[in-house]
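Peer 1: Return atomic coordinates for the entry below.
(2 chains)
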Amino acid sequence: MIELKGLTKVYGKGKKAATALSQLNLSIKKGEIFGVIGHSGAGKSTLIRCINLLERPTKGEVWVDGIDLTKLTQGQLQQKRRKIGMIFQHFNLLSSATVFDNIAFPLRLTGASQESIQSKVRELLKLVGLEDHWNKYPAQLSGGQKQRVGVARALASDPDVLLCDEATSALDPQTTDSILRLLLDINQRFNLTIVLITHEMHVIQSICDRVAVIHGGGIVEQGDVTEVFLKPKHEITREFIRSETQNDGPLRAAINAPHPESSKAVKITFLGQKTYESTLSNVVKETGVIFAILQGTISTIKDVPYGQLIVRFEGPSEAIQETISKLLAEGLDVEVMD
Amino acid sequence: MASLNFSTVNWDEMLQATFDTLKMLGSSAIFTIILGLPLGIVLYLWGRSSQPVVGVIYSVLSFLVNILRSVPFIILMVALIPFTKSIVGTSIGVLGTIPPLVVGAAPFFARLVETALREVDRGVIEAAQGMGASTTQIVTRVLLPEARPGLLSGVTITVVTLVAYTAMSGMVGGGGLGDLAIRYGYYRYEKEVMIISVALMVLLVQLLQMAGDRLVKHFSRK
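Peer 2: Presented below is the predicted three-dimensional model:
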């Protein structure tokens, strides 16, 4: 669906030149929610703005739906952009227009008929739950409502792709969740491809199928969210996940606390239905090992359940070894921590 | 001040002068907006262009606007006499003052338009670009509606400035209240006429400013 090839963006010239993206490749499939996470200044904003060419890359190709946008004329690009919706951190609504007129804006650009505008806008107002607010001005709405208008406006021209530029960063946690649910809903309902950039792991974890971690103008790690989230490889990725879960201090303290000679701290990762099964309990019953829980999380990534337990097994070292092998045989992931 | 005697005032002449001022003001304001608005939009668009050639054109245009704005109106009026004659056939009276008024006020208004447009949130323009809007669509559907309060206060400031300019045009026989105030009050020491003329102009400015403020308030959505 979206293919970025050798994307390079350099701001300025000569000595003042700053490279925002260098030789970046990325491929996004139709119908998926793809997240790009990175710190501010990592290049993620430039990246998403290159997809609809609000930012023209210095080098590289931007393929959307089989067309290289960088090769289009201005007029062709304007046509193509109508099929790429975008929502923004600061909503970017017309302050001089009502909710209705804001949503109708992209339709009026194409000269749609009055009746088709009426029916389309009504339908979108219903979708985003703002039927009662159609006649209000943006200044009269809350942040979450403004973003709903933004989403409705972006969907008005029936786009194939929705770009979300830090769409929830200016919202409080509850509102963020409601907007994320809305995005997930439209993704499933219309099979709409969504690309979002964020600096919050929480956003990725809630709705994304795949994720890319961007750092220093390049992608350092990418893959399925479950994969990247549970087994991060790059230091930057680990940092994002730590900031979402707990910091390392308490865990270190728990692992280093006084413990029997013959024991082992391990991290056990459960994924999918296994999260809710009694595997661990069954295994220790068989091997006779006892354990203390040092830290634990049970949650979901998008709709996939996962659990991560850090426990200290106590018992004869052979029994501990056997426990670990059995857990591995059950399909759990076990990592020794000390 | 006790010697003021308003009974000698020629009210017919006063009424005529008031009408003349309103005529000058009305027609020069219309032409100022017709010329200044597009000029301001062009200044705004060219000033933001990333193309070096356009940047140079912008600098030249901007310089010309600055020249017209820095020449004192009274001098501009005299300097424009040949130009005025070639356009409206005379350089005196109500008709003769309109071209210099427009030439003097349009660059000023254009700058106010440029400033008002710059106040429009860049993000909103970008959103429109992202939705596939052409430059013309961005101007008509985003920039002008979003800048409306700023544009209206620009119009108010310009019209009030024009009131002052029409008064100055009295110096070259332009007619109107300013002309009256200078001819009677300044040249003939008839204070009464001067006081009434000035009072009428103060009233006019006051009314214009109030109307302008009200419009701005009506269209402000922030």
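Peer 1: what about chain A, any weak spots by pLDDT?
Peer 2: Residues of chain A that meet the criterion pLDDT under 70 lie in A:243-247.
Peer 1: Enumerate every residue touching residue B:211.
Peer 2: residue B:156 (CB atoms under 8 Å, 6 or more residues apart in numbering or on different chains). Bear in mind the C-beta positions are built from the backbone N, C-alpha and C, glycine included.
Peer 1: again with residue A:178
Peer 2: residue A:144.
Peer 1: And residue B:43, by the same measure?
Peer 2: B:58, B:61-62, B:65, B:110-111, B:113-114.
Peer 1: do that again at 7 Å, thanks
Peer 2: Counting by CB atoms under 7 Å, 6 or more residues apart in numbering or on different chains, residue B:43 makes contact with B:61-62, B:110, B:114.
Peer 1: for residue A:182, same thing?
Peer 2: Residue A:182 touches A:128, A:148, A:151, counting by CB under 7 Å, 6+ apart.
Peer 1: Out of those, which comes closest to residue A:206?
Peer 2: residue A:151 (15.9 Å; CB to CB).
Peer 1: Can you give me the distance of the closest one to residue B:40?
Peer 2: Going from residue A:151 to residue B:40 by CB to CB, to the nearest Å gives 34 Å.
Peer 1: cool, and residue B:95?
Peer 2: From residue B:95 over to residue B:40 the distance is 26 Å, taken as CB to CB.
Peer 1: And what about the closest residue to residue B:157 other than its chain neighbours, helix, strand or coil?
Peer 2: Leaving aside its sequence neighbours, residue B:157 sits nearest to residue B:112 (CB to CB, 6 or more residues apart in numbering or on different chains; 6.3 Å). Per DSSP: H, G, I helix; E, B strand; the rest coil, the secondary structure class of residue B:112 is helix.
Peer 1: and what of residue B:84?
Peer 2: Applying three-state DSSP: residue B:84 is helix.
Peer 1: That one touches residue B:91, doesn't it?
Peer 2: Yes - at 4.6 Å, residue B:84 counts as touching residue B:91 under the criterion of CB atoms under 7 Å.
Peer 1: Within the helices and strands, which one has the residue most central in space within chain B?
Peer 2: By CA atoms, centre = their mean, chain B has its centre lying nearest to residue B:158, at 3.6 Å. Counting by DSSP states H and E, the element that carries residue B:158 is helix B:148-168.
Peer 1: Can you say which helix or strand has residue A:184 in it?
Peer 2: helix A:173-190.
Peer 1: strand partners of the next helix or strand after that helix, parallel vs antiparallel please.
Peer 2: Counting by DSSP H and E, the next helix or strand C-terminal to helix A:173-190 is strand A:193-198. Paired with strand A:193-198 in the same sheet, following DSSP bridges, are strand A:33-37 (parallel), strand A:161-165 (parallel).
Peer 1: So which of those strands is nearest residue A:45?
Peer 2: strand A:161-165 (6.4 Å).
Peer 1: re earlier: look at residue B:95 and residue B:40 and report which has more neighbours.
Peer 2: residue B:40 (26 against 18; other CB atoms under 10 Å in any protein chain shown).
Peer 1: what's the spacing between that one and residue B:151?
Peer 2: In terms of CB to CB, residue B:40 sits 9 Å off from residue B:151.
Peer 1: can you count the residues close to residue 140?
Peer 2: Looking at chain A here, since you left the chain open. If we define neighbours as other CB under 10 Å, then residue A:140 has 13 of them.
Peer 1: wrong chain, I was asking about chain B
Peer 2: 13.
Peer 1: In a helix, it, correct?
Peer 2: Yes - if the criterion is three-state DSSP, then residue B:140 is within a helix.
Peer 1: ok, back up a step: packing partners for the helix or strand just after the helix holding residue B:158?
Peer 2: Using DSSP H and E, the helix or strand that follows helix B:148-168 towards the C-terminus is helix B:177-180. On a contact count with 3 or more CB pairs under 7 Å, 6 or more residues apart in numbering or on different chains; DSSP states H and E, helix B:177-180 meets helix B:11-48, helix B:148-168, helix B:191-219.
Peer 1: Let me know which of those helices is the nearest to residue A:255.
Peer 2: helix B:11-48 (57.8 Å).
Peer 1: Now the closest one: average pLDDT?
Peer 2: If you average the pLDDT over helix B:11-48, you get 93.
Peer 1: gap between that helix and the chain center?
Peer 2: 5 Å (CA atoms, centre = their mean, to the nearest Å).
Peer 1: what's the angle from it to helix B:148-168?
Peer 2: 130 degrees (axes from the mean of the first three to the mean of the last three CA atoms, to 10 degrees).
Peer 1: next structured bit after helix B:11-48?
Peer 2: helix B:52-70.
Peer 1: can that following helix be found next to chain A?
Peer 2: No - judged by CB under 7 Å from any CB of the partner chain, helix B:52-70 stays clear of chain A, getting no closer than 11.7 Å.
Peer 1: helices or strands up against that helix?
Peer 2: By 3+ CB pairs under 7 Å, 6+ apart, helix B:52-70 packs against helix B:11-48, helix B:93-118.
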